[in-house]
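Chemist: Could you look at this predicted model? Sequence included:
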Amino acid sequence: MEQLRLIRRSFPEDPELSTAISRAILTRVASGDLAPTLRLHRPGRELAFGRQDVSSPGYPAAREAANESGFAAVERLAGGRAAVFHEGTIAIARSYADPQPPRRTYRRFEEISGWVAGALRRLGIDARVGEVAGEYCPGAYSVNASGRVKLAGIGQRMIRGAAHVGGVVVVSGEAPLRDVLVPVYRALDLDWRPETAGSAAGELDRPVEPSEIEDALLEELAQSYELVPAEVDEETLRLAREMLAR
């Protein structure tokens, strides 16, 4: 069975450093310094903007709206539009070594979205892969519940020698997610339907801790990989801080 390094350490107090760490891991996987790696971690309150958002005339107002709502504004590593992370979500950052990343773009999307949907089905949620009409950060590989509400978003970025697939699973707290996205998407002039933002707890109609979803994700992943616990090493931290300084 193929091995996969698994990092669980979180940096909720420093979302910019957390993003830079995922970028540094991707760079080191591409160069062969690190084996393929998955980060499964719990973020702080952050609004992650995509490249299209950053180039939008409404970006300054969107950043201000995020900050006023108590969310740190960061630029996301993977593609897509503005997405929300908070204490009721789980963040995914998977770095693949690949000499020709574009050739396996859809395979990676299918693997990650299928993994998340399979984990949620373990808990009794009717999880499916596909876009819900009017969802935030729309994508063909979103994970939804019964085709009604979005529970997870998946994005991807490729560099020479590697690819990064990032995602967020909403465990609970769809209300604050909606509340911050309404003014942010208004500033970016993006249409969406707030009622399409859901959570695992909302579907199960009971309190759900992130650890329960994490356990399901790891059980599902262990069907395909030998998970090898790993840490954010000093060289990765050094490179991440260099990237931030630049």
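Modeler: Thanks, I have the structure now.

Chemist: residue ranges for the helices of this protein, please.
Modeler: 15-31, 51-54, 59-68, 105-122, 174-187, 200-204, 210-221, 234-245 (DSSP state H).

Chemist: for the ones you listed, which one sits closest to Ala152?
Modeler: Relative to Ala152, the nearest member of those by Cβ to Cβ is helix 105-122, separated by 5.0 Å. The way it works is simple: take the backbone N, C-alpha and C, and place the C-beta from them, glycine included.

Chemist: Could I get the buried residue list for the closest one?
Modeler: Arg108, Phe109, Glu111, Ile112, Ser113, Trp115, Val116, Ala117, Gly118, Ala119, Leu120 (16 or more other Cβ atoms under 10 Å).

Chemist: Mind picking the one among those that's closest to Arg39?
Modeler: Ile112 (12.7 Å).

Chemist: Give the closest residue to Ile21 in space, chain neighbours not counted.
Modeler: Ala240 (4.5 Å; Cβ to Cβ, 6 or more residues apart in numbering).

Chemist: My guess is the one you found contacts Arg28. True?
Modeler: No. With contact defined as Cβ atoms under 8 Å, Ala240 does not reach Arg28; the gap is 10.1 Å.

Chemist: quick one, which of these two is more surrounded?
Modeler: Ala240 (23 against 19; other Cβ atoms under 10 Å).

Chemist: Let me know the distance separating the residue most central in space within the chain from Pro101.
Modeler: Against the mean C-alpha coordinate of the chain, by Cα atoms, centre = their mean, the closest residue is Gly167 at 2.1 Å. Noted for Gly167: a distance of 17 Å to Pro101, by Cβ to Cβ, to the nearest Å.

Chemist: Need the per-residue pLDDT for Ala72.
Modeler: Per-residue pLDDT puts Ala72 at 96.

Chemist: residues near it, how many?
Modeler: Around Ala72 there are 18 other residues, counting by other Cβ under 10 Å.

Chemist: Beta-bridge partners for it, please?
Modeler: On the basis of DSSP bridges, Ala72 is bridged to Glu46.

Chemist: Give me the buried positions along stretch 44-53.
Modeler: Within stretch 44-53, the residues scored as buried using 16+ other Cβ under 10 Å are Gly44, Arg45, Glu46, Leu47, Ala48, Phe49, Gly50, Asp53.

Chemist: what about dumping the CA coordinates of stretch 106-124 to CSV?
Modeler: Output of stretch 106-124 as CSV, limited to C-alpha atoms (Å, rounded to 0.1, in the frame of the first residue of the first chain):
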residue,chain,number,x,y,z
TYR,A,106,-9.3,15.4,-12.9
ARG,A,107,-8.0,12.3,-11.3
ARG,A,108,-6.9,14.3,-8.3
PHE,A,109,-10.2,16.2,-8.1
GLU,A,110,-12.0,12.9,-8.2
GLU,A,111,-9.8,11.3,-5.5
ILE,A,112,-10.2,14.1,-3.0
SER,A,113,-13.9,14.8,-3.5
GLY,A,114,-14.6,11.0,-3.5
TRP,A,115,-12.6,10.7,-0.3
VAL,A,116,-14.5,13.5,1.5
ALA,A,117,-17.9,12.3,0.3
GLY,A,118,-17.1,8.7,1.4
ALA,A,119,-16.1,9.9,4.8
LEU,A,120,-19.4,11.8,5.3
ARG,A,121,-21.4,8.9,4.1
ARG,A,122,-19.8,6.8,6.9
LEU,A,123,-21.7,9.1,9.3
GLY,A,124,-25.0,8.7,7.5
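
Chemist: what sits up against that stretch?
Modeler: Stretch 106-124 is contacted from outside by 92, 94, 96, 127-129, 140-143, 145, 151-152, 154, 156, 163, 165, 167, 169, 200, 204, 208, 212-213, 216-217, 219-221, 224, using Cβ atoms under 8 Å, 6 or more residues apart in numbering.
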